[in-house]
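Trainee: Quick one: sequence plus predicted model below, questions after.
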Protein chains: 2
Amino acid sequence: MKNPDHLKEIPLFNLVKRSERQRLSGEITETRYTKGEFIFREGDPAEFFHIVKEGTVKCVKTSSEGKEVTLKVLMPGDLFCCEAAVFDGAPHPGCAQPMGEVSVLRLRKKAYFEMLKRNPDAAVEVIKYLGNRLNEAQEKAKVLALNGAEQRLAGLLVNLAERSSVREGSGHRLTVRLTRQDLANMVGITTETAIRIMGRFKKARLVTGTAKQLTILDLPRLQQLASPSFLQSLPS
Amino acid sequence: MKNPDHLKEIPLFNLVKRSERQRLSGEITETRYTKGEFIFREGDPAEFFHIVKEGTVKCVKTSSEGKEVTLKVLMPGDLFCCEAAVFDGAPHPGCAQPMGEVSVLRLRKKAYFEMLKRNPDAAVEVIKYLGNRLNEAQEKAKVLALNGAEQRLAGLLVNLAERSSVREGSGHRLTVRLTRQDLANMVGITTETAIRIMGRFKKARLVTGTAKQLTILDLPRLQQLASPSFLQSLPS
DNA sequence: TCTAAAATATGATTCATATCATATTTTAAA
DNA sequence: TTTAAAATATGATATGAATCATATTTTAGA
């Protein structure tokens, strides 16, 4: 890591002074991963903080029966493995996998905390970031506890369109490749159910395309479907 | 708040210097609540940090249809309304209700952040705390996504026994009053389902009693039921 | 360009849990 | 102590989604 200046592009390093970034740069390693690899596995010792530099990373937990949940899709600037904050060397409670080509910054926990102690403004930023993440996670729990499969999937598509899509005509084309199975794992339903619901969404012209080119056509309507207040559902 | 010394009993203030606690004490207000009241409601502006001093508080979200999920039960020392960290004056995404007699410390966000900036060690403590909370929330999402009603309830009872119970004979009596409805809301099932499953647990001598005196009799067995690896289930 | 693997599609069936209904017991409040 | 409200209990039925099965299409790799 010769040049520490790229660090200021990463949101959480915004408030770190230049001299500090210089100091830190010796401690940071950057690694590239491609699909199929693991950044870390469930059970690996949690020793590092990780930050997504480029690409998209997913956090996954697996049940003893082999079922998977994708807890969160992380984008550039996102901190992951936040649990490392607490569990010193304890096993990771989930694994992290790249969704395509990614670049990840890795920093030993101790160095990170020391930096934060020298840069309280940055520490407060991290606190805000984690507050936000906690909030998201709780919203996710709410959705899983209260909403049906169709609502969950509609909500997910809305989120994805807002967080990682490019406008294309009247629609939003997702910039991440997501199979129906990926979608299913993100909202706790089976692949078949995801396929069926996406089929209905397609028929109703709310979405189009598959993994390679998934495009959200009617965001407002999906938003309505996502909030169960309007008891409206799509014809089966 | 005459005497700031009680603050050192609260975990997150452990690392704050005495002089600092003195300074802060003017900013902190303590309020008592009883069951039926609201500490804050969903939609109220988020201006304060809150810390549980005595008693138990629950964080609840409500759907537009009136269904409820209890996201988290907070005990003394717990920070709540962590989302205030991020959303400055934005509406609270959930409400906080006392479960019995509670005492809550309230501190204006600005004062809290300023204190943290002066006390980086405390800031790092908060980061660890939030990392832990995030972790819990993600584990909860996993459970909701992957486990069935019986497993979820068994897991909840194990948690409760570990977090807030007193030994009583061979069992653990919960120190919080929890109706079957409360239990149901905590794991995203209906009250009827909770009653039925608790009925089975009772018959199998895993638990005994109702809200007033709920006692976990067979923790190991409940632990087994909670992890879906052992596909064992109770006879219906 | 061919080919195997992955992804999508769709039907039939089962199963768990929600929903609705009603009864009984317990609790707290007048 | 009485009484209304809350909590627990239990049955019948409906329903959404899982499961199992199989077919077709698409994708990526040799």
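Mentor: Arrived safely, thanks for sending. Bear in mind the structure is a predicted one, so any value in this text is a computation, not a measurement.

Trainee: Up against DNA strand C, what does chain A have?
Mentor: Residues of chain A lying close to DNA strand C by C-beta under 7 Å from any atom of the strand are A:T179, A:R180, A:Q181, A:T191, A:E192, A:I195, A:R196, A:M198, A:G199, A:K202, A:T210, A:A211. For glycine as for every other residue, the C-beta is placed from the backbone atoms N, C-alpha and C.

Trainee: Now do the same contact list for the residue lying closest to the first one once chain neighbours are set aside.
Mentor: Just to be clear, that refers to A:T179. Using C-beta to C-beta, 6 or more residues apart in numbering or on different chains and skipping the chain neighbours, the partner closest in space to A:T179 is A:A211 (4.3 Å). Taking C-beta atoms under 8 Å, 6 or more residues apart in numbering or on different chains, we find A:A211 in contact with A:R177, A:L178, A:T179, A:R180, A:D182.

Trainee: All the strands of chain A, residue numbers only.
Mentor: Secondary structure of chain A (DSSP state E): strands at A:29-33, A:48-54, A:57-62, A:68-74, A:79-80, A:95-98, A:102-108, A:165-168, A:171-174, A:207-208, A:215-216.

Trainee: What about A:L156, how many residues nearby?
Mentor: If you count neighbours by other C-beta atoms under 10 Å in any protein chain shown, A:L156 ends up with 21.

Trainee: Could you do A:K212 as well?
Mentor: Close neighbours of A:K212, defined as other C-beta under 10 Å, add up to 8.

Trainee: roughly how far apart are it and B:E54?
Mentor: Noted for A:K212: a distance of 57 Å to B:E54, by C-beta to C-beta, to the nearest Å.

Trainee: With A:C81 instead?
Mentor: The gap separating A:C81 from B:E54 is 34 Å, by C-beta to C-beta.

Trainee: Just give the closest residue to A:D88, not the sequence neighbours.
Mentor: Using C-beta to C-beta, 6+ apart, the nearest residue to A:D88 is A:K109, at 7.2 Å.

Trainee: lowest-pLDDT helix or strand in chain A?
Mentor: Least confident helix or strand, chain A: helix A:18-25 with a mean of 80, by mean pLDDT, DSSP states H and E.

Trainee: Would you mind listing where chain A has pLDDT under the threshold?
Mentor: A:1-12, A:84, A:228-236 (pLDDT under 70).

Trainee: Which single helix of it contains the most residues?
Mentor: Longest helix of chain A, by residue count under DSSP state H: helix A:120-146.

Trainee: and that helix, what does it pack onto?
Mentor: With contacts taken as 3 or more C-beta pairs under 8 Å, 6 or more residues apart in numbering or on different chains; DSSP states H and E, helix A:120-146 sits against strand A:68-74, strand A:79-80, helix A:109-118, helix A:149-163, strand B:57-62, strand B:68-74, helix B:109-118, helix B:120-146.

Trainee: rerun that using 7 Å as the cut-off
Mentor: Counting contacts by 3 or more C-beta pairs under 7 Å, 6 or more residues apart in numbering or on different chains; DSSP states H and E, helix A:120-146 packs against helix A:109-118, strand B:68-74, helix B:109-118, helix B:120-146.

Trainee: Adding distance to A:V143, write those out as CSV.
Mentor: Converted to CSV, the helices and strands packed on helix A:120-146 look like this (distance: least, C-beta to C-beta, whole Å):
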stretch, distance to A:V143
helix A:109-118, 31
strand B:68-74, 9
helix B:109-118, 27
helix B:120-146, 9
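
Trainee: Who are the contact partners of the residue nearest in space to the middle of chain A?
Mentor: The centroid of chain A falls nearest to A:V73 when counting by C-alpha atoms, centre = their mean (1.7 Å). A:V73 sits next to A:T56, A:K58 when contact means C-beta atoms under 7 Å, 6 or more residues apart in numbering or on different chains.

Trainee: can we see that at 8 Å?
Mentor: Going by C-beta under 8 Å, 6+ apart, A:V73 touches A:T56, A:V57, A:K58, A:C59, A:M99, A:L160, A:R163, A:S164, A:V176, A:M186.

Trainee: ditto for A:P120
Mentor: Applying C-beta under 8 Å, 6+ apart, we find A:P120 in contact with B:L116, B:K117, B:R118, B:N119, B:P120, B:A123.

Trainee: before we move on, what about A:L71?
Mentor: Residues near A:L71 by C-beta under 8 Å, 6+ apart: A:C59, A:V60, A:K61, A:G94, A:A137, A:K140, B:Q138, B:A141, B:K142.

Trainee: Look up how far DNA strand D lies from it.
Mentor: 17 Å (C-beta to the nearest atom of the strand, to the nearest Å).

Trainee: Same check on A:E192?
Mentor: 4 Å.

Trainee: quick one: the closest residue to A:I195 other than its chain neighbours and A:L157, what's the gap?
Mentor: Nearest residue to A:I195, sequence neighbours excluded (C-beta to C-beta, 6+ apart): A:R180, at 4.8 Å. With distances taken as C-beta to C-beta, A:R180 is found 12 Å from A:L157.

Trainee: same question, A:V124
Mentor: Distance, A:V124 to A:L157, by C-beta to C-beta: 34 Å.

Trainee: Which one's more surrounded, these two?
Mentor: Comparing A:V124 with A:L157 by other C-beta under 10 Å, the one with more neighbours is A:L157, at 28 against 22.

Trainee: if we can go back for a sec, DNA strand D: which of the residues of chain A next to DNA strand C is nearest?
Mentor: For those, the closest approach to DNA strand D (C-beta to the nearest atom of the strand) belongs to A:E192, at 3.8 Å.

Trainee: Distance from the chain centre to the least confident helix or strand of chain A, please.
Mentor: In terms of C-alpha atoms, centre = their mean, to the nearest Å, the centre of helix A:18-25 is found 27 Å from the chain centre.

Trainee: Any residue of that helix touching chain B?
Mentor: No - interface with chain B: helix A:18-25 contributes nothing (C-beta under 8 Å from any C-beta of the partner chain), its closest point being 13.0 Å away.

Trainee: how about stretch A:148-161: buried residues?
Mentor: Across stretch A:148-161, burial judged by 16 or more other C-beta atoms under 10 Å in any protein chain shown covers A:149-161.

Trainee: typo on my end, it should be stretch A:49-61
Mentor: Across stretch A:49-61, burial judged by 16+ other C-beta under 10 Å covers A:F49, A:H50, A:I51, A:V52, A:K53, A:G55, A:T56, A:V57, A:K58, A:C59, A:V60, A:K61.

Trainee: Export those to TSV and append columns for distance to A:R18.
Mentor: As requested, the buried residues of stretch A:49-61 are exported to TSV (distance: C-beta to C-beta, whole Å):
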residue	distance to A:R18
A:F49	20
A:H50	23
A:I51	18
A:V52	22
A:K53	19
A:G55	26
A:T56	29
A:V57	27
A:K58	33
A:C59	31
A:V60	36
A:K61	38
